[in-house]
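Undergrad: Whatever this is, show me its structure:
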Amino acid sequence: MAEICISKVEENTTQGWLNGMIGVLLFSGSLPATKIAVLELSPMFLTAARASIAGVIALVVLLFFKEKRPDRKQLSSLAIIALGVVVGFPLLSALALQYVTSAHSIVFLGILPVATAVFGVIRGGERPKPVFWIFSVIGSLLVVGYAVAQGLTASPVGDILMLAAVVFCGLGYAEGAKLTKTLGGWQVISWALVLALPIMLPLSFFYKPVSVEAISTGAWLGLAYVSVFSMFIAFIFWYRGLAQGGIATVGQLQLLQPFLGLAVATSLLHEAVSLDMIAVTVGVILCVAGTKKFAK
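TA: Here you go, the predicted structure:
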């Protein structure tokens with residue numbers, strides 16, 4: 001009997017890693033796709049449109065499966081999630097990509113696991129060891145130092161916007177991971193999208209392009225990717241992975257996202273990836289690995 005239970009736990013953990021990895025792979029294309037779209041679409045329209053498209057899909061899925069509505073306490077958490085990953089990160093990252101390349105912005109994703117952990121402390125009441133915060137500060141300083149060093153060629157405005165975007169994303173990840181335990185993985189992002197839909201749908205029409213015909217196919221494909229994959233499907237795998245394999249364990253897969261994102265940026269956008277970018281990304285990942293080790 002004990003062997004059966006252990007086998008089921010191991011199987012569930014393996015499925016969690018697999019789902020989490022799929023989620024990270026899909027997330028890795030988000031910033032390059034956003035860069036392609038924001039070259040021709042305004043950040044406000046892009047943010048509202050991606051949330052609206054994903055929100056309509058989420059609403060259909062929720063109605064199809066006849067999901068029970070969240071209670072009042074869960075609605076509060078869903079509002080925080082919507083603020084973080086439906087509005088905050090998409091809008092701020094889209095604004096940032098008007099000033100910097102997607103390869104440059106991807107470096108900032110190296111501190112996303114730390115931001116998630118910080119909000120895990122604030123929202124979840126966790127108490128990491130002091131060593132955790134040492135690694136966290138070093139990682140943050142690496143990113144800030146890189147941004148300052150690039151001051152002549154990169155935009156300070158873009159860097160500040162990306163830092164803010166990461167903070168909002170970390171908030172949404174931590175709150176979503178906590179709520180997944182009671183509401184379910186795919187239900188969390190679905191209800192968050194539906195909650196934002198009454199606001200985002202009118203805004204998407206208000207900020208729509210003057211001439212739709214003038215927008216290239218590439219820009220529409222970028223919008224389609226961030227709407228269907230980044231905003232909805234990736235979160236289904238990601239939150240399911242967190243629920244199956246454990247938040248702390250599966251959350252380490254985020255460490256691969258900067259590398260995967262840089263690979264996408266170079267292959268699709270032909271953006272230059274300097275040795276400095278790679279070095280900072282590696283340094284940040286090592287620091288985040290340290291924070292994960294001493295998270296509890």
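
Undergrad: Could you use CA atoms for every contact and neighbour count after this?
TA: Fine.

Undergrad: could you measure residue 65 against residue 243, distance?
TA: Separation of residue 65 from residue 243 (C-alpha to C-alpha, to the nearest Å): 20 Å.

Undergrad: These two: which has the busier surroundings?
TA: Using other C-alpha atoms under 10 Å, the more surrounded residue of residue 65 and residue 243 is residue 243, with 23 against 8.

Undergrad: Check the gap between that one and residue 200 for me.
TA: From residue 243 over to residue 200 the distance is 28 Å, taken as C-alpha to C-alpha.

Undergrad: cool, and residue 188?
TA: In terms of C-alpha to C-alpha, residue 188 sits 18 Å off from residue 200.

Undergrad: For these two, indicate the residue with more neighbours.
TA: The residue with more neighbours, out of residue 188 and residue 200, is residue 188; 28 against 25, by other C-alpha under 10 Å.

Undergrad: for the helix or strand harbouring the more buried one, which positions count as buried?
TA: Take DSSP states H and E as the rule and residue 188 turns out to sit in helix 185-206. Buried residues in helix 185-206, counting neighbours by 16 or more other C-alpha atoms under 10 Å, are found at 185-197, 200-201, 203-204.

Undergrad: likewise stretch 122-134?
TA: 128, 132, 133.

Undergrad: then it to CSV, C-alphas only?
TA: The C-alpha trace of stretch 122-134 is given here as CSV (Å, rounded to 0.1, in the frame of the first residue of the first chain):
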residue,chain,number,x,y,z
ILE,A,122,4.3,38.8,2.1
ARG,A,123,1.2,37.0,1.0
GLY,A,124,2.0,33.4,2.3
GLY,A,125,3.7,34.3,5.5
GLU,A,126,6.9,32.3,4.7
ARG,A,127,10.1,33.1,6.6
PRO,A,128,13.2,32.3,4.5
LYS,A,129,16.7,32.1,6.1
PRO,A,130,18.9,35.2,6.0
VAL,A,131,21.1,33.6,3.4
PHE,A,132,18.1,33.7,1.1
TRP,A,133,18.0,37.5,1.1
ILE,A,134,21.8,37.8,0.5
